[in-house]
Each structure stands twice: as C-alpha cells, then as structure tokens.
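*Asks:* Give me a model of this one.
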Amino acid sequence: QVQLVESGGGLVQAGGSLRLSCAASGSIFKVNDMGWYRQAPGKQRELVARITTDGNTNYADSVKGRFTISRDNAKKTVYLQMRSLKLEDTAVYYCNADLWVTIVTRTGYWGQGTQVTVSS
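*Replies:* Sure, this is the predicted structure:
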C-alpha cells in the first residue's frame, strides 16, 4: 500500500520559516512529479509548487521568491522550504505525487495534510 507521509507543519510567526517534508513509501515502481498544494478555510485547494524528476520547478506567483521546493529521489521525498511566511500562507498543506505503482499502472496520491498556521 502506498502512503505519502507529511511532516513539518506547525505554528510560526509572520516572517518566520518552516520546512515541510513528504515521504512516499510502499510498493512504488517509480516516482514522477511531486508537489505541494494548500487549502485555506473556505477556499479551493491550490497549487503551491511542483517539481519534476529532473528538478524542474514551478511555483504559484504568491510564493515565488519565498518558497523553495526540492526532492531527494533516492528517499522518494519532497521538501518545501517556506520563508518570509505571511498570514495568508495559513492553510492545510498537502503533498501530491504522481507514481508508477507497477510498470503499467500510474496514478496520483495525496498525503493526509499538515497544518501551517502563521500568526501576527
């Protein structure tokens, strides 16, 4: 069974930093793109950042220059370094991974979510 396990969320003051981690485990043939999304109360889930296996990245305009996504392919882990956090970054952050679970079966998985709360 495949799992994405997130860690690193919490409470931080505005201007502070947090680092999120997400590790994929289970029967995985290959990991493709990985990414982070977030959902604030009353809002739709939105893309924060994604990274390909080759390290190509894309970011939401709202986080460019403040957040950095990276990955360790050997550990099947994706990270999100968040700096200069703002009140509006408060949300549940979800990890997403595009996985080949067998040589012919490809599907997307979501983590359970981790809460990030930025206080003034």
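
*Asks:* What confidence value was assigned to the residue nearest to Ser120 when sequence neighbours are not counted?
*Replies:* Sequence neighbours aside, Ala14 is the residue nearest to Ser120 in space, at 5.6 Å (criterion: C-beta to C-beta, 6 or more residues apart in numbering). Quick note: C-beta positions are derived from backbone N, CA and C, even for glycine. Note for Ala14: predicted pLDDT of 98.

*Asks:* let's number from 58 now, not from 1
*Replies:* Taking 58 as the first residue, the last one we looked at is Ala71.

*Asks:* So Ala71 sits against Glu145, correct?
*Replies:* No - between Ala71 and Glu145 there is no contact under C-beta atoms under 8 Å: 9.7 Å.

*Asks:* ok so, going back, list the contacts for the residue nearest to Ser177?
*Replies:* Applying C-beta atoms under 8 Å, 6 or more residues apart in numbering to Ala71 gives the contacts Leu142, Lys143, Leu144, Val175, Ser176, Ser177.

*Asks:* And Gly67, by the same measure?
*Replies:* Shown in contact with Gly67 (C-beta under 8 Å, 6+ apart): Leu75, Gln172, Val173, Thr174.

*Asks:* Quick one: buried ones out of those?
*Replies:* Buried members of the contacts of Gly67, scored by 16 or more other C-beta atoms under 10 Å, are Leu75, Val173.
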